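Student: from the sequence below, what's the structure:
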Amino acid sequence: MRAVEFQKYGEPEVLTVVTVDVPEPGPGQVSIDVAYAGVNFADLKARAEGYRVPRLPYVPGLEVSGRVRALGAGVTGLAVGQEVVALTESGAYAEVAVADATTVFPLPAGLDARIAATLPTVLPTAYALVHSVGRLQPGETLLVQGAAGGIGTAVGQLARAAGAGAVYGVVSSAAKAAYAKEHGYDEVYVGAFQEPVRQATGGRGVDLVLDPVGGDTLRAGLASLAVFGRLVSFGNASSAEPWTVGQPELYPLGVSVSGFSILTLAATDPAALRRLTERAFAKAADGTVALPVTAEFALEDAARAHRLMGGRTSTGKLLLRVGA
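Tutor: Below is the predicted model of the structure:
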């Protein structure tokens, strides 16, 4: 079968198409004939920095849609030929991928394989940020970094549906700001945000900050919180040194900091991940959330997809078309 792998870390050009053996599912696993694979920023960090890469060569990719090819020992509730979506530990950039059965879900009602491939990492993460970890309450305000990306697009819509008082976003360009405003955001700031957020909230600050960037951006978000506000860290796109926070930042206003990683949750509590994902997918099935596919590439053009996302000009969701 065809797969896209990298044998060394570097720029998008290190991604190459290779022919490898078709993987077989182990106990508790499912193999899937891939229709579409999602492209995520974590894939870029894996290629460039070795993020979560246990060894080389490595086939990136964390989410797919397609049909069940084979079932490993002990798997129940799924059938060969069934249309599914799945969160994978890696290996999604291939014609056949393997996933733990606990992270494989029937194709959500009313969605085709193309749209469904946008969901497995993005929508459960967004749902957790708004509800499970962020605990957004009706009337509260929130600030979202990366508002025009896949997660940001979903968060804006979920927050609006949850009754947010105001949804503020931060992006890197005016074009991204215009896009985000179409997906639930009241105001979107390009670059600097701390002073504009204070002005927009009458000096109060926001109740919830969602940060995938880390470093100085996380610090500025923490300083933008209102009394008893919450910050959720869900990434480190800046590749900054691990952050620490303590009494000087937390005590004055009684703020709190928490974190979320869907990949870590999949490893530590698959049952909790499954419950979260089922609730999140229901929001796509009922029309609360729509995730636009803004660019689609053939599998052999994975480097182009990485170049687009890495150039910070993309919005929404990027897909690889594999066997659709």
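
Student: ranges for the helices of the protein?
Tutor: 41-49, 113-116, 122-127, 150-161, 174-181, 194-200, 215-222, 247-250, 262-268, 270-285, 302-310 (DSSP state H).

Student: which helices and strands does the first one pack with?
Tutor: Pointing back at helix 41-49 there. Helix 41-49 is packed against helix 302-310, with contacts defined by 3 or more C-beta pairs under 8 Å, 6 or more residues apart in numbering; DSSP states H and E. No exception for glycine: its C-beta is placed from N, CA and C like everyone else's.

Student: for the helix it packs on, packing partners?
Tutor: With 3+ C-beta pairs under 8 Å, 6+ apart as the test, helix 302-310 has strand 29-39, helix 41-49, strand 293-298, strand 317-321 packed against it.

Student: follow-up on the earlier one: which stretch in the helices of the chain has the least confidence?
Tutor: Sorting those by mean pLDDT places helix 247-250 lowest, at a mean of 87.

Student: okay, it in PDB with CA atoms only?
Tutor: What follows is helix 247-250, C-alpha atoms only, in PDB (Å, rounded to 0.1, in the frame of the first residue of the first chain):
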ATOM      1  CA  GLN A 247       1.000  32.100  43.600                       C
ATOM      2  CA  PRO A 248       1.900  35.500  42.000                       C
ATOM      3  CA  GLU A 249      -0.300  34.800  39.000                       C
ATOM      4  CA  LEU A 250      -3.100  32.800  40.600                       C
END
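
Student: least trustworthy helix or strand in this protein by mean pLDDT?
Tutor: The helix or strand of the chain with the lowest confidence, counting by mean pLDDT, DSSP states H and E, is helix 247-250 at a mean of 87.

Student: for that one, which positions count as buried?
Tutor: If you call a residue buried by 16 or more other C-beta atoms under 10 Å, then helix 247-250 has these buried ones: E249.

Student: how far does that helix sit from the chain's center?
Tutor: Relative to the chain's own centre, helix 247-250 is displaced by 29 Å; criterion: C-alpha atoms, centre = their mean, to the nearest Å.

Student: neighbouring contacts of that helix?
Tutor: Here helix 247-250 makes contact (C-beta atoms under 8 Å, 6 or more residues apart in numbering) with L222, V255, S256, V257.

Student: now render the residues you listed as TSV, adding neighbour count.
Tutor: As requested, these are exported to TSV (neighbours: other C-beta atoms under 10 Å):
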residue	neighbour count
L222	20
V255	21
S256	13
V257	21
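
Student: most widely separated two among the residues you listed?
Tutor: L222 and S256 (10.2 Å; C-beta to C-beta).

Student: okay, and the common contacts of those two?
Tutor: Overlap of the contact sets of L222 and S256 (by C-beta under 8 Å, 6+ apart) consists of L231.

Student: tell me, what residue is most central in the chain?
Tutor: The residue lying closest to the centre of the chain (C-alpha atoms, centre = their mean) is V122, at 3.4 Å.

Student: doesn't L291 make contact with that one?
Tutor: Yes: V122 lies in contact with L291 (C-beta atoms under 8 Å); the separation is 6.4 Å.

Student: what is in contact with these two at once?
Tutor: By C-beta under 8 Å, 6+ apart, the residues touching both V122 and L291 are G150, A154, K317.

Student: which residue of this protein lies farthest from its centroid?
Tutor: For the chain, the residue at maximal distance from the C-alpha centroid (C-alpha atoms, centre = their mean) is P252, at 32.2 Å.

Student: per-residue confidence for it?
Tutor: For P252, the predicted pLDDT is 89.

Student: roughly how far apart are it and L263?
Tutor: 34 Å (C-beta to C-beta, to the nearest Å).

Student: repeat for V18
Tutor: 24 Å.

Student: look at those two and report which has more neighbours.
Tutor: Between V18 and L263, counting by other C-beta atoms under 10 Å, L263 is the more crowded of the two (17 against 13).

Student: wait, that one touches L62, no?
Tutor: Yes: the pair L263 and L62 passes the contact test of C-beta under 8 Å, sitting 7.2 Å apart.

Student: common neighbours of those two, please.
Tutor: A42, E89.

Student: partners of L143 in the sheet?
Tutor: Y168, V209 (DSSP bridges).

Student: so it touches T217, yeah?
Tutor: No: between L143 and T217 there is no contact under C-beta under 8 Å: 10.9 Å.

Student: compare those two (neighbour count), which wins?
Tutor: Between L143 and T217, L143 has the larger neighbour count (other C-beta under 10 Å), namely 30 against 20.

Student: ok, that one - contacts?
Tutor: Contacts of L143 by C-beta under 8 Å, 6+ apart are Y168, G169, V170, F193, V197, V206, L208, V209, L210, G221, S224.

Student: now A147
Tutor: Contact analysis of A147 by C-beta under 8 Å, 6+ apart lists T153, V155, G156, G169, V170, V171, K176, A177, A180, Y185, V188.

Student: distance of the fourth one from A159?
Tutor: Counting by C-beta to C-beta, the gap from G169 to A159 is 10 Å.
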